[in-house]
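Chemist: Any chance you can model this:
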Amino acid sequence: MFLSSVGFSIVIMSIWPYLQKIDQTADASFLGWVIAVFSLGQMVASPIFGWWSNYRPRKEPLTVSIFISVTANCLYAYVHVPASHNKYYMLAARGLVGFGAGNVAVIRSYIAGATSLQERTSSMANTSACQALGFILGPVFQTCFALIGEKGVTWDTIQLQINMYTAPVLLGAFLGILNIILILTILREHRVDDSGRRCKNINFEEASAEEVQAPQGNIDQVAVVTTNVLFFVVLFIFALFETILTPLTMDMYAWTPEQAVLYDGIILAALGVEAVIIFMGIKLLSKKFGERAILLGGLIVVWAGFFILLPWGNQYPKIQWEDLHNNSIPNTTFGEIIITLWRSPKEDHSEGPTGCPIAQAWCLNTPVIHLAQFLTSAALIGIGYPSCNVMSYTLYSKILGPRPQGVYMGWLTASGSAARILGPVFISQVYTSWGPRWAFSLVCGIVVLTITLLGGAYRRLVAFSVRHGRIQEEPS
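Modeler: Numbering: from 1, shown residues only. Now for the predicted structure:
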């Protein structure tokens, strides 16, 4: 998970300038597709790889999926070669990388099948911490590769350019190959029941006499659907928060694009560190309070974070009266909002207009969100999101019980991918048209409905073995 997340995040900050360089016809709306196609590919692939892992050794879907990602990264490094339609080659490369990322379902399924109920939360938290750490370090490595520059060096024999845009994906491909080697040499099939006893599985080529049959019983489909909805909402909310971060701070505090990239990058890095700490702390808290209680508490903290973001008072943001042209973030497409994250710090934006653009009519009557208010909100969301994230799929794995979970985990991963697509679209439209008061009020409403759903299904969100009376219920 660590190597895969590094391989993904290491290229994120360079996509927009590389797209502009290889194809002058690419615009902001196409950038939105390039960003979204990763999640689309993952959404399609997750159930497929999950189904595969149910009936064959997990090494197979893991190796094939990572090989697809390695191939896609190599394609990304060569998208400058064709004489035309380069942007579509980049689109295909990012879609294939997303398709390969569908192996997250296999990984979670493997962890769920290889751990007892007592080990499950700790193992899931460790996996999430590794993934979060990879997402933090990826952009750091990208910054180091910026020292190579746009020109870099060219290997004429194979038409390979090694520069600040291609070096990260080549490293990603190398990490993928390393991942394949580790899987083939170290990973072994292992499956236990909820009590920790080894049980038979189609993934095993040989069966041991000590193995026991997996307990039989029906899965609570209401609990399954509820957990999928909870997971969707959790990822939906954080995706929209990440998306709106830069436009919000530029509108409220009149930051220039380079200031927004710097300060918001620091904020996201701090949230990543905070998430790793939360993942470690959850292992202890879950033993005392149980997964359901932590999930409920995390949702309440997220609600508090967005409630604090609601504008109040009689101080208003600086109004940007001038025609913004390319210096604005505002309005229209998801791609245009994302562009700010790729603006080069070397570009001079000091002469461009700053503040809340007059094209957004709500700027005239919406109070400013104070910086302390915003930072407090970000800190709370940084606590609530990782708590809800790891608890939702930990609960999900326990609800499914000691049987192959590949397909179910595939659907869970697909719901998360859909959330990462729809969240940015939702917030970009609502924020631009109606402003932060309506946007964050609607988010608060969504969280309240989610808490209500969790409360209604609370007693059903129990482990398979607990539901069938084989293990005593844990505290929650």
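
Chemist: Quick check: residue 381 touching residue 239?
Modeler: No. Applying Cβ atoms under 8 Å as the test, residue 381 and residue 239 come out as separate, 11.9 Å apart. No exception for glycine: its C-beta is placed from N, CA and C like everyone else's.

Chemist: Which SSE is immediately downstream of the helix or strand of the chain with the lowest mean pLDDT?
Modeler: Within the chain, confidence by mean pLDDT, DSSP states H and E is lowest for helix 334-339 among all helices and strands, at a mean of 52. Remark: after helix 334-339, the chain's next helix or strand is strand 356-357, criterion DSSP states H and E.

Chemist: Mind giving me the packing neighbours of that following strand?
Modeler: Where contact means 3 or more Cβ pairs under 8 Å, 6 or more residues apart in numbering; DSSP states H and E, strand 356-357 is packed against helix 221-253, strand 319-320.

Chemist: which stretch in the ones you listed is the model least sure about?
Modeler: Here the lowest mean pLDDT among those goes to strand 319-320, at a mean of 80.

Chemist: What strand or helix carries residue 396?
Modeler: Applying DSSP H and E, one finds residue 396 within helix 371-400.

Chemist: List the contacts of residue 229.
Modeler: Going by Cβ atoms under 8 Å, 6 or more residues apart in numbering, residue 229 touches 415, 450, 453.

Chemist: Just the ones in helices from those residues, please.
Modeler: 415, 450, 453 (DSSP state H).

Chemist: Distance of the first one relative to residue 42?
Modeler: This means residue 415. Noted for residue 415: a distance of 11 Å to residue 42, by Cβ to Cβ, to the nearest Å.

Chemist: what about these two, which has more around it?
Modeler: Each of residue 415 and residue 42 has its neighbours counted (other Cβ atoms under 10 Å); residue 42 has more, 27 against 20.

Chemist: residues in contact with the more buried one?
Modeler: By Cβ under 8 Å, 6+ apart, the neighbours of residue 42 are 98, 99, 101, 102, 104, 413, 414, 417.

Chemist: so can I have TSV of those residues showing secondary structure, neighbour count and distance to residue 296?
Modeler: Shown next, in TSV, are these (DSSP: H, G, I helix; E, B strand; the rest coil; neighbours: other Cβ atoms under 10 Å; distance: Cβ to Cβ, whole Å):
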residue	secondary structure	neighbour count	distance to residue 296
98	helix	25	32
99	helix	24	35
101	helix	27	30
102	helix	27	30
104	helix	26	25
413	helix	28	23
414	helix	23	25
417	helix	26	25
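
Chemist: Output stretch 436-456 as CSV - backbone C-alpha positions only.
Modeler: Coordinates of each C-alpha in stretch 436-456 appear next as CSV, following Å, rounded to 0.1, in the frame of the first residue of the first chain:
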residue,chain,number,x,y,z
PRO,A,436,-19.7,28.6,1.3
ARG,A,437,-22.8,29.1,3.5
TRP,A,438,-25.0,27.0,1.3
ALA,A,439,-22.1,24.6,0.4
PHE,A,440,-21.1,23.8,4.0
SER,A,441,-24.7,23.8,5.2
LEU,A,442,-25.5,21.1,2.7
VAL,A,443,-22.5,19.1,3.8
CYS,A,444,-23.6,19.4,7.4
GLY,A,445,-27.0,18.2,6.4
ILE,A,446,-25.5,15.2,4.6
VAL,A,447,-23.4,14.3,7.7
VAL,A,448,-26.5,14.5,9.9
LEU,A,449,-28.4,12.2,7.6
THR,A,450,-25.4,9.8,7.7
ILE,A,451,-25.3,9.9,11.5
THR,A,452,-29.1,9.1,11.4
LEU,A,453,-28.5,6.2,9.1
LEU,A,454,-25.7,4.9,11.4
GLY,A,455,-27.9,5.2,14.4
GLY,A,456,-30.7,3.4,12.7
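
Chemist: Any buried residues in that stretch, and which?
Modeler: 436-437, 439-444, 446-447, 450-451, 454 (16 or more other Cβ atoms under 10 Å).

Chemist: ok, and what's touching that stretch?
Modeler: Contacts for stretch 436-456 (Cβ under 8 Å, 6+ apart): 226, 229-230, 233, 236-237, 240, 244, 248, 292, 295-296, 299-300, 302-303, 306-307, 309-311, 362, 366, 369, 427, 430-431, 461.

Chemist: So, low pLDDT: which residues of the stretch 351-476 of the chain?
Modeler: Low-confidence segments of the stretch 351-476 of the chain (pLDDT under 70): 351-352, 468-476.

Chemist: rerun at 90
Modeler: The model of the stretch 351-476 of the chain has pLDDT under 90 over residues 351-361, 363-365, 386, 389-414, 416-417, 419-433, 461-476.

Chemist: Disregarding residues adjacent in the polypeptide, which is nearest to residue 161?
Modeler: Excluding its sequence neighbours, the residue lying closest to residue 161 (Cβ to Cβ, 6 or more residues apart in numbering) is residue 154, at 5.1 Å.

Chemist: list the contacts for the one you found?
Modeler: By Cβ under 8 Å, 6+ apart, residue 154 lies in contact with 160, 161, 162.

Chemist: which of those residues are buried?
Modeler: 160, 161.

Chemist: Save the contacts of residue 154 as a markdown table, and put in distance to residue 287 too.
Modeler: Listed next are the contacts of residue 154 as a markdown table, based on distance: Cβ to Cβ, whole Å:
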| residue | distance to residue 287 |
| --- | --- |
| 160 | 51 |
| 161 | 52 |
| 162 | 49 |
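
Chemist: State the pLDDT value of residue 14.
Modeler: On pLDDT, residue 14 comes in at 74.

Chemist: Where do the strands of the chain begin and end?
Modeler: 153-155, 160-162, 319-320, 356-357 (DSSP state E).
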